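> no sequence on hand, only this structure:
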């Protein structure tokens, strides 16, 4: 394609690497419950999740991609250096939290990276505040909604199954959990992969390869979904352990309710174009089903550490991105 520079190709490759890392980092969100309840072995669970991550593009629109691409920083100030710095902030923070097994948000790391790089280039005028407010509100609302929906589901299902034997309930929900895990993986792919689509598309716009208007090309959609699916297939076992067993122990029925409540939250957010955190959502749902059993069933010290990572993610990624932007400027034009 005429006008494609080596730097653009490199940055697209870095964006897809972030997408792969997003799938790797957030694999736990899709498979933690189905692995912890022993419905599927880990190697089969990641294949299951990767498949539904990929096909998500055929189900959802591109509202989230448009929010990330044009609703976080002003598209007219975007250049190669800004995107490089934003991706650096997100990737570095993802790697640090992956090393310690902390399920932070890849989504908010990317948003924080964009904000930090945009601020480093043009100050507060670079920020699209409507998108930031919407995303920041989702930090609080998505886990709360996941918590509430999962709690309601587990209470309702427990009442429906009151006269059934524990063995029958366990057997039924082992089958149903295949469907709930599929829905959650679909929601994960539909919301998370779109963030990378937005980054690549705004890069193409900045290089004048979008015909003068910001839009999401089909090849960008397919490339982003594929990268995320491969990342999910590679797995993220440290975080699977945290999400699947350290917060609370789950039965197949509880796993079904957590995944379904989380999936409902993701479907709603994706339809509204809100880039939520799948990590926040499933953690809130898992805590919801644990709390329905008894409050002490939740390991609140683990949940507290996860919340600390949530609070730190956007500012930490923003700081790293700003430093990367200034550092790249010091190396040359």
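Ah, there it is. Every value quoted in this text rests on a predicted model; they were computed, and no experiment measured them. Residues are numbered from 1 along each chain as shown.
> by contact count, what packs against the helix or strand containing residue 54?
Assigned by DSSP states H and E, residue 54 belongs to helix 42-55. Counting contacts by 3 or more Cβ pairs under 8 Å, 6 or more residues apart in numbering; DSSP states H and E, helix 42-55 packs against helix 27-36, helix 166-206, helix 218-234. In this view, the C-beta of every residue, glycine as well, is placed from N, C-alpha and C.
> out of those helices, the one nearest residue 282 is which?
Set against residue 282 and scored by Cβ to Cβ, the helices and strands packed on helix 42-55 come closest in helix 27-36, at 4.7 Å.
> if we can go back for a sec, which residues does the helix holding residue 54 contact?
23, 27, 30-31, 34-35, 40, 178, 181-182, 185-186, 188-189, 193, 225-226, 228-230, 232-235, 237, 240 (Cβ atoms under 8 Å, 6 or more residues apart in numbering).
> before we move on, the earlier item: of all the helices and strands packed on helix 42-55, which one comes closest to residue 262?
Using Cβ to Cβ, those put helix 166-206 closest to residue 262, at 5.4 Å.
> make sure residue 38 is indeed in a strand.
No. With DSSP: H, G, I helix; E, B strand; the rest coil as the criterion, residue 38 is coil rather than part of a strand.
> ok, it - contacts?
Neighbours of residue 38 in contact, by Cβ under 8 Å, 6+ apart: none.
> ok so, going back, what separates the helix holding residue 54 from the chain centre, distance-wise?
15 Å (Cα atoms, centre = their mean, to the nearest Å).
> need the buried ones from the contacts of helix 42-55 selected in PyMOL.
With 16 or more other Cβ atoms under 10 Å as the criterion, this PyMOL line picks the buried residues out of the contacts of helix 42-55:
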select buried, resi 23+27+30+31+34+35+40+181+182+185+186+188+189+193+225+226+228+229+230+232+233+235+240
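> any idea of the mean pLDDT in stretch 221-234?
Averaging pLDDT along stretch 221-234 yields 86.
> and what of stretch 313-332?
87.
> now do stretch 128-148
Across stretch 128-148, pLDDT averages out at 85.
> got the contact list for that stretch?
For stretch 128-148, the surrounding residues in contact (Cβ under 8 Å, 6+ apart) are 67, 70-74, 105, 108, 111, 115, 261-262, 265, 268-269, 274-277, 280-285, 287-288, 291, 310, 314.
> cool, thanks, signing off.
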